[in-house]
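Peer 1: Need a 3D model of the following:
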Amino acid sequence: MSSVTDQETNNISLFNLVEKYTLKIAKKETQRIEGSKIMAPFNQEIVSRFVKDVKSESVIFELKVDIVTSVGKVIESKDTATINFDEKLQNIRIKNKIGGIPVEESGLYHFSVKVKEEGETRFVEVAKIPVEISIEFEK
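Peer 2: Residues are numbered from 1 along each chain as shown. You can find the predicted model right below:
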């Protein structure tokens, strides 16, 4: 997915939403990569929107995105970002660019969006975004 934010209205438009991604592997590469991770060039964005319960308070939290396989194994964690949710704002949008996905096999992967509020010790999953990954080997 990619997105564009209108400068005048601050509305966001989402394009090219991805539900399934097919990775085609050339026959000459088949032997070299079987049984190992393949870095799939994904080049998409995860767009998250957060809303505060109490507008007059400032909230600081950490945000991270994990890439999870169909069997629940975290294969990559993107860099953690510290977000300062200013007291003047009621909601915010955050874009995370995903350049590639390490793929082990075909299946239903997902992006796990997690937050950890200031003072907490654990991240909590707030969104799960599925994407079906299919690996096709040329014959």
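
Peer 1: lowest-pLDDT helix or strand in the protein?
Peer 2: helix 30-33 (a mean of 50; mean pLDDT, DSSP states H and E).

Peer 1: and the next element down the chain from it?
Peer 2: Going down the chain from helix 30-33, the next helix or strand is strand 38-51, by DSSP states H and E.

Peer 1: So what are the sheet partners of that following strand and their directions?
Peer 2: Partners of strand 38-51 in the sheet, by DSSP bridges, are strand 91-103 (antiparallel).

Peer 1: Now stretch 4-14: average pLDDT?
Peer 2: When pLDDT is averaged over stretch 4-14, the result is 75.

Peer 1: Quick one: end-to-end length of that stretch, please.
Peer 2: One end of stretch 4-14 sits 7 Å from the other (Cα to Cα, to the nearest Å).

Peer 1: Buried residues in stretch 88-101, which are they?
Peer 2: Asn96, Ile98, Ile101 (16 or more other Cβ atoms under 10 Å). The C-beta positions use only the backbone N, C-alpha and C, and glycine is treated the same way.
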